[in-house]
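S.K.: got a predicted model here, sequence first, then my questions.
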Amino acid sequence: MMKKLSLYSALLLVLIITAACEHKELCYDHESHIPRTQYAIKLNFDCQWEYNLEDHIDWKQEWHDKYGIDYDQIRPTEPAAVRVHIYDDTHKAETSRILTKKSSTIHFNDEGIYNILFYNSDTEYIVFSGMESFSNAFASTRGATSRSGIMNQPDMLFGAYFDSLLIEKKPVPDTINVTLKPLVFTYLLRFEAKEGAELIESASGILTGMAAGVNLGTGHTSKEDGNLSYQCSMKGDYGTQALIKSFGIPNYPYPQYTTKGDGDEERKNDLMLEVKLTNGDVETYRFDVTEQLLKQPKGGVIVIEDLVIGEGSQVGSGAFDIGVSGWNNIIEVPLN
């Protein structure tokens, strides 16, 4: 009896080992096992308001309490929705969809090489054009006029792209991690008066020569420029300051976003300031901030020091002509 049990045990062990070593083909008869061109998307956002490019100012390290606002308070918030454009290997648009969750799934028509563009779709002032072609996808802002060249400040825009991504059918979806980087940046404009700060009733102005838009596929800003108006919303014993959003300086590459390009052509940026005094008089000033912006092409702090309020020639108490050509009797202020 014991010998029979031992024989049965040996046979059972052989069967178990044989079954364990048996090769099984993948099952495609069930819906969940069929290979698909389906990929999981995980969205992340690089919520920076300025980029410290190589050899440029590191404002996070150089931040001053005197600015009256914390560095991190200027950071943009994550957008509520992201649009995905899928392009084929000829850079022609195939389809697009909206993602409202940080983790989603997207489907591709077939295996192959694709280019994928991501950007937030919850903007108010951004105008998108050329979206039918990956290489021509472009973002600009509303409100530019040929008479004044004044543009609306763009609202916050993030973007990311994947060039020549190989999509294959797989039983289990791969994950594509996407980090959307800022394409719009913030400048703190600070006017520090050594005399007459108490005379400031209100202040506004124009920053000239800023990029009119940005290529969504490369992050490279446009050669075309325009002027941005701003309103100073903070003032104190030091003077006044404002926050202004911009695509950055024209024709500038974006090393963190894509490949390099040219961005060193000659340009000029004027910062114009109109100050309404407490007695009703108005003074206007012009500052050449070209060098400051060249060191801060993607956001930062523009500081005007030793401003004297109340002693310059007066433009008059009439309405403020926001067009650059309407700035007459301007006080030219050299910067140290």
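M.R.: Arrived safely.

S.K.: okay, helices next: where are they in the stretch 1-150 of the chain?
M.R.: Using DSSP state H, counting those that start in this stretch, the helices found in the stretch 1-150 of the chain span residues 2-21, 59-62.

S.K.: can you flag the weakest of these by average pLDDT?
M.R.: Out of these, helix 2-21 stands lowest, with a mean of 50 (criterion: mean pLDDT).

S.K.: next, the residue nearest to residue 303 when sequence neighbours are not counted: secondary structure please.
M.R.: The shortest distance from residue 303 to any non-neighbouring residue, by C-beta to C-beta, 6 or more residues apart in numbering, is to residue 190 (4.9 Å). Yep, even glycine has a C-beta here, placed from its N, CA and C like the rest. Following DSSP: H, G, I helix; E, B strand; the rest coil, the label given to residue 190 is strand.

S.K.: isn't residue 190 right up against residue 304?
M.R.: Yes: the pair residue 190 and residue 304 passes the contact test of C-beta atoms under 8 Å, sitting 6.9 Å apart.

S.K.: if I look at the nearest residue to residue 141 once chain neighbours are set aside, how far off is residue 97?
M.R.: Closest residue to residue 141 apart from its sequence neighbours, by C-beta to C-beta, 6+ apart: residue 154 at 4.3 Å. Counting by C-beta to C-beta, to the nearest Å, the gap from residue 154 to residue 97 is 24 Å.

S.K.: who has more neighbours, the two?
M.R.: Taking other C-beta atoms under 10 Å, residue 154 and residue 97 do not tie; residue 154 has more neighbours (27 against 12).

S.K.: who's in contact with that one?
M.R.: By C-beta atoms under 8 Å, 6 or more residues apart in numbering, residue 154 lies in contact with 123, 125-126, 139, 141, 184, 245-247.

S.K.: from residue 305, how far out is it?
M.R.: Distance, residue 154 to residue 305, using C-beta to C-beta: 28 Å.

S.K.: since we're on the residue nearest to residue 303, how many residues are nearby?
M.R.: 21.

S.K.: partner residues bridging it?
M.R.: residue 241, residue 303 (DSSP bridges).

S.K.: dump the residue contacts of it.
M.R.: Counting by C-beta under 8 Å, 6+ apart, residue 190 has contacts 67, 238-239, 241, 301-304.

S.K.: please name the nearest non-neighbouring residue to residue 83.
M.R.: Nearest residue to residue 83 in three dimensions, chain neighbours excluded: residue 121, at 4.1 Å (C-beta to C-beta, 6+ apart).

S.K.: run through the stretch 201-336 of the chain and note the low-pLDDT ranges.
M.R.: Low-confidence segments of the stretch 201-336 of the chain (pLDDT under 70): 255-266, 312-336.

S.K.: my read: residue 160 touches residue 182, true?
M.R.: No: Residue 160 is beyond contact range of residue 182, at 10.7 Å (criterion: C-beta under 8 Å).

S.K.: what about these two, which has more around it?
M.R.: Using other C-beta under 10 Å as the criterion, residue 160 and residue 182 rank with residue 182 on top: 26 against 22.

S.K.: and the more buried one, how far is that from residue 47?
M.R.: Relative to residue 47, and taking C-beta to C-beta, residue 182 is found at 8 Å.

S.K.: need the residues touching each of those two.
M.R.: With contacts defined as C-beta under 8 Å, 6+ apart, the residues shared by residue 182 and residue 47 are residue 76.

S.K.: state the three-state secondary structure for the closest residue to residue 116 other than its chain neighbours.
M.R.: Excluding its sequence neighbours, the residue lying closest to residue 116 (C-beta to C-beta, 6+ apart) is residue 162, at 4.5 Å. Following three-state DSSP, the label given to residue 162 is strand.

S.K.: circling back to that earlier point, out of the contacts of residue 154, which two sit at the greatest distance?
M.R.: Largest separation among the contacts of residue 154 by C-beta to C-beta: 123 and 246, giving 14.4 Å.

S.K.: ok, those two, which is more surrounded?
M.R.: A direct count of neighbours by other C-beta under 10 Å for residue 123 and residue 246 places residue 246 higher, at 24 against 19.

S.K.: that one bridge partners, please.
M.R.: As assigned using DSSP bridges, the partners bridged with residue 246 are residue 185.

S.K.: dump the residue contacts of it.
M.R.: 153-154, 184-187, 207, 210-211, 228, 299.

S.K.: quick one on the thing from earlier: how near is the residue nearest to residue 116 to residue 302?
M.R.: 35 Å.

S.K.: ok, these two, which is more surrounded?
M.R.: Neighbours were counted for residue 162 and for residue 302 using other C-beta under 10 Å; residue 302 has more, 20 against 14.

S.K.: now the more buried one: how far from residue 79?
M.R.: 26 Å.

S.K.: repeat for residue 185
M.R.: 16 Å.

S.K.: pick out whichever of the two has more residues nearby.
M.R.: Between residue 185 and residue 79, counting by other C-beta under 10 Å, residue 185 is the more crowded of the two (23 against 20).

S.K.: nothing else from me, thank you.
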